[in-house]
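**Student:** sharing a sequence plus its predicted fold:
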Number of protein chains: 2
Amino acid sequence: MTPRVVILGCGFGGLWAAQGLRGAPVEVTVIDRTNHHLFAPLLYQVATAGLSAPSIAGPIRHILARQRNATVLFGEAQAVDLAQRTVRLENGKEIGYDHLIVATGASHSYFGHDDWAPYAPGLKTLEDALEIRRRVLLAFEHAERETDTVRRAAWLTLVVVGGGPTGVELAGQFAEIARHTLRDEFRRIDPSSARVILVEGADRVLPAYPPELSHKARLQLERLGATVWLGRRVTAVDAEGVTLGNERIACRTAVWAAGVAASPLGRMLGAPLERAGRVIVEPDLTLPGHPEVSVIGDLASVPSHRPPVPAIAPAAKQMGRYAAKNVIRRISGKPSLSFRYRDYGQMATIGRRAAVAVIGAVRLSGFPAWAVWLLAHIYFLINFRNRVVVMIDWAWAYWTYERHARIVIRGIKQDKNA
Amino acid sequence: MTPRVVILGCGFGGLWAAQGLRGAPVEVTVIDRTNHHLFAPLLYQVATAGLSAPSIAGPIRHILARQRNATVLFGEAQAVDLAQRTVRLENGKEIGYDHLIVATGASHSYFGHDDWAPYAPGLKTLEDALEIRRRVLLAFEHAERETDTVRRAAWLTLVVVGGGPTGVELAGQFAEIARHTLRDEFRRIDPSSARVILVEGADRVLPAYPPELSHKARLQLERLGATVWLGRRVTAVDAEGVTLGNERIACRTAVWAAGVAASPLGRMLGAPLERAGRVIVEPDLTLPGHPEVSVIGDLASVPSHRPPVPAIAPAAKQMGRYAAKNVIRRISGKPSLSFRYRDYGQMATIGRRAAVAVIGAVRLSGFPAWAVWLLAHIYFLINFRNRVVVMIDWAWAYWTYERHARIVIRGIKQDKNA
C-alpha cells in the first residue's frame, strides 16, 4: 500500500515539501487551516494598503491542482499521536500517516502579556494585516473628527514595537503614508504631523544584521520621518498608549512586531524545545527517536547546524525540499541526509529606495539594496498573475505615492477603537 | 458666510452631487460611514472571487482631495433635525447645514423575516461581498471533508433568492466557479456536480426587462449550469436549507438578492414614503415643504416622473448632478429645475459571453450584450489604476477560468458554518 505522507501547514516549508514529493510513489495530504499559501514577506504591504490581500496569496488547491498524488484538506491539526501515527483535526477526525512533516511555523510572542494583544496586534496572517490596515487608516479619520488637541495627538501617534525586519518595514511604510500618501486629503489635520515611533529593546534595529547595516537602516528610517527609540522595553500596553518603564507614549494605534512563539503543535511532539518553543530536531530535521516525523521551517531549531539557520522563507523552502527528499530516501531504504542550509543572503526593506541587504560578503544599503529586494520579491511571488498586478501596483504607487488598497471594510459603527 | 452643503452618503448620488459643487461658492461636507466610494455594479465580482475589494473601491478622500471646497467626514448620520437644520452623527456630534442632500441609498429587504439574514446574507457592502465569497468557497472545502453523502450534497447546493440583476449575476458566477474554476482541484468531490438554484417569485427573471430578454437571460443561465425556479416564494430559511411552500431545498449556502428596503434615514425626514420606504420627492428632488433638502438615488421616489426612474447607478449620478445644480441655482436666487432622467439603457451580465442589454430601442443578448457591458464597466470604473488591474484580472480569468481573489481570510476555527 502506498505510503501516506501528511504535511501540516502550507507555508513555504510545507508547500515546498509537498512539491518535492511530486511524482513520488506516495499519497500526500496537505492540511492547512486557511485555503491559501501566503507570500508572507509581503504581508506588511497588505497591512500598509500597498497591496490587496489576494495579490500575495494563492489558493493551495490551485497551486497543487496538477500534482495528482496530493490531496489538500482545509482543517486544523490539534494533536499528533506519535504511537498511533495519527493526526487529529479540529472536527475530531483522525488521519493516519506513515510519514509526517510538521511545518506549522511560528507566531509573535507578547512575553507572557497576551492581554496586550487587543491593543497591539501582531502581523502573521492576512486577517492581522487587514486589521492593522484598518486601525492605521481609521486613526487619521478619527484625528480629523477629533476637536480636542490632546486626543487628536494620540490618534496621530503610531507605535511599532520591535525593530526586526517586520517592525522596520511597518515603521517605514507608516511614515510614508503619513508624509506622502495622505497629503492634501485632510482639511483639519496635517497627516505629516503624525509621529511614527519604532521601539526596540536592543541597542540597534535589525539585530540579526551587521552593525553598520543596522546603523544605515536607522538613518533611512529617520529620513523617511520615523523616530527610532533603542534600548527601551515595553512594560505596558493599553487602549490609550504604550508604557516604557517610566516613559508613557499616548497613542491609539500600536503594532506588535517583537518576539517569536513557535506553533503550539511543537509542544505536542514530546521533543525538547528551545526558548521560543521551537522543536530541537536531529541534523536530518527529524524528531529525536522518530525518523518518520520531520519538523521544518520556523517551527524547527537545528542546533547541530553552524551558523544557526535563520527563520526566513528561503530556509523554510530548503528544509521543505530536504524533508521531501529524506522521505523518498527512507522509502527506498536509503539513509537520510543531514540538512545543510545554503545562505543566499538576507534583506529588509524600509521604504522607497531604502533597504539593506547582505549577500555573502556583499553588503548593500539604500537604492541598490532596494532594487535587489524589488527584483527578488517580484520574481518569487508565487504565480504569474500576481506578479503582473503587483508590479503595476508598485509602479503606480511609486510614481503617485497613492496606495490602491486604502479600503476599510468595516464601518465606523463596528470600529471598537472609536 | 458661505452656505454649508452637507451630503449624506457617498455612493453614485452623493459623489456626483459633491463633484457637481466643485468650484461653487459653498462649503461641502461629505459624510459616509465607510472610507470608500464603492463601484457597486461590480460588487458581485468581489463576492465571486473575480476581483479583490480594493479594485472596485476608491478612498473618498482621495477622489475629492483636489476639490478644495469639500471636506470628507467618516461618520454615520443618525438623525436629521429639519427645524434646526442639523445632522446628528453616531458620536452625538451635530453638524449644521444650509442645504442638505440625502443619498444614503437602499438595502435589501427580507420582507419582515430579518431572522433569515444570518442564513442568507445580502449583497450591498464590501463586507457582504467578502462574507458571500467566504461561504461559497468554504462550502466546497466542507464538501471535500464530508463523508456523509446527504450532508455533502447540502454543502454542494447553492441557492440564490431573487431573480433581479444581482441574483442573475451571482447565480451565473456560482455556476462558472463550480463548472470551471474549481475543476481538477478536488480529489473526493466533483465541484461541477454542485447545484446552483436561482429562485424567483415572478414568472420570469429580470422582471424589469423586456420579456424576451428575460427569456434569453434564463436560457443563458441554464447553459452556464444554473437551475432557474420561477413563480416560487421562499417561506423559510435556516442553517440547513431553504423552504418554498411545501418544497424543501437542503443547502448550507444561500444568498439573498430579493427585496428593497430604503435607508432608515428616509423615515426621519417626515415625508410620505412609498412601499419600499423610498422618500416621495417633488419633481425637483426636494423634500415636500423643504426646498433646502434634496433626496436622491435609491432613497428617492419621483412619482411625477414618467416612465419611473430606475434604481440604477446612472440614475443616481444624474440625480446627484441635478441636486448640485439646484443648490447653486437657489443660492443665486434662480428657481430650481425639475429632474429629467436621461435613459442610456440598462444591462445585466450573466457570465462569460452572456448578458442582456436594453439601449433605447436596441435589445442585445449573448456576446454583443456582454461586450457592451464589459466596455461600459471598464470605462466607468472610478480611477485609472483600477481600470488597468481589473482589465488584467478579467483577461486572466477569461483565458484561465482562474479567479485570483479565491482567498478566505478567516480560518476554519472561526467558520460558524462548519
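**Tutor:** Yep, it's here.

**Student:** all contacts plus neighbour counts: C-alpha atoms, from now on.
**Tutor:** Noted.

**Student:** low-confidence ranges in the stretch 251-400 of chain A?
**Tutor:** A:382-386 (pLDDT under 70).

**Student:** quickly find the element holding the residue of it found nearest chain B.
**Tutor:** Residue of the stretch 251-400 of chain A nearest chain B, by Cα to the nearest Cα: A:V389 (6.4 Å). Using DSSP states H and E, A:V389 sits in helix A:384-400.

**Student:** and the angle for that helix with helix B:384-400?
**Tutor:** Counting by axes from the mean of the first three to the mean of the last three Cα atoms, to 10 degrees, helix A:384-400 lies at 170 degrees to helix B:384-400.

**Student:** partner residues bridging A:I249?
**Tutor:** A:V242 (DSSP bridges).

**Student:** which bits of the stretch 151-300 of chain A sit near chain B?
**Tutor:** Within reach of chain B by Cα under 8 Å from any Cα of the partner chain, the stretch 151-300 of chain A has these residues: A:184-187.

**Student:** recalculate using a threshold of 6 Å.
**Tutor:** A:184-185 (Cα under 6 Å from any Cα of the partner chain).

**Student:** and the residue of the stretch 151-300 of chain A closest to chain B?
**Tutor:** A:E185 (4.7 Å).

**Student:** got the contact list for that residue?
**Tutor:** Going by Cα atoms under 6 Å, 6 or more residues apart in numbering or on different chains, A:E185 touches B:61, B:65.

**Student:** that one: which element?
**Tutor:** Under the criterion DSSP H and E, no helix or strand holds A:E185.

**Student:** can you pull the pLDDT of it?
**Tutor:** pLDDT recorded at A:E185 is 92.

**Student:** now A:K413
**Tutor:** In this model, A:K413 carries a pLDDT of 62.

**Student:** sorry, back to before: next one: phi and psi at the residue of the stretch 151-300 of chain A closest to chain B?
**Tutor:** When read as degrees, to the nearest 10, the backbone of A:E185 gives phi -100, psi -10.

**Student:** which other helices and strands contact the helix or strand where A:A348 lies?
**Tutor:** Following DSSP H and E, one finds A:A348 within strand A:346-351. Counting contacts by 3 or more Cα pairs under 6 Å, 6 or more residues apart in numbering or on different chains; DSSP states H and E, strand A:346-351 is packed against helix A:165-176, strand A:354-359.

**Student:** now that strand - C-alpha only, PDB.
**Tutor:** The C-alpha coordinates for strand A:346-351 follow below in PDB (Å, rounded to 0.1, in the frame of the first residue of the first chain):
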ATOM      1  CA  GLN A 346      19.100  38.400   3.700                       C
ATOM      2  CA  MET A 347      17.400  41.600   3.100                       C
ATOM      3  CA  ALA A 348      15.000  44.000   4.800                       C
ATOM      4  CA  THR A 349      13.200  46.900   3.100                       C
ATOM      5  CA  ILE A 350      12.400  50.200   4.700                       C
ATOM      6  CA  GLY A 351      10.700  52.400   2.100                       C
END
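
**Student:** okay, now the sheet partners of that strand, with direction.
**Tutor:** strand A:354-359 (antiparallel).

**Student:** so what touches the partner strand?
**Tutor:** A:345-349, A:363-367, A:369-370.

**Student:** repeat that with 7 Å
**Tutor:** A:213, A:217, A:220, A:344-349, A:363-367, A:369-370 (Cα atoms under 7 Å, 6 or more residues apart in numbering or on different chains).

**Student:** tell me which two in these are the farthest apart.
**Tutor:** A:Q220 and A:Y344 (23.8 Å; Cα to Cα).

**Student:** list buried members of the contacts of strand A:354-359 by neighbour count.
**Tutor:** For these, a burial check counting by 16 or more other Cα atoms under 10 Å in any protein chain shown picks out A:213, A:217, A:220, A:346-349, A:363-366, A:369-370.

**Student:** enumerate the residues of the stretch 1-150 of chain A near chain B.
**Tutor:** A:33-36, A:52, A:54, A:59, A:61-62, A:65, A:71, A:74-75, A:126-127, A:141 (Cα under 7 Å from any Cα of the partner chain).

**Student:** in helices, which of the residues you listed appear?
**Tutor:** Among the residues of the stretch 1-150 of chain A next to chain B, the members found in helices (DSSP state H) are A:61-62, A:126-127, A:141.

**Student:** any idea which of these is least confident?
**Tutor:** A:H62 (90).

**Student:** what's the burial count for that residue?
**Tutor:** 22 (other Cα atoms under 10 Å in any protein chain shown).

**Student:** distance of it from A:V46?
**Tutor:** 22 Å (Cα to Cα, to the nearest Å).

**Student:** and A:D81, its phi and psi?
**Tutor:** Main-chain dihedrals, A:D81, degrees, to the nearest 10: phi -100, psi 100.

**Student:** now swap in A:L158 and tell me
**Tutor:** Given degrees, to the nearest 10, the pair of backbone angles that A:L158 has is phi -120, psi 130.

**Student:** circling back: with B:A324 as the reference, name the closest of the helices and strands packed on strand A:346-351.
**Tutor:** Across these, closest to B:A324 is helix A:165-176 (Cα to Cα), at 35.7 Å.
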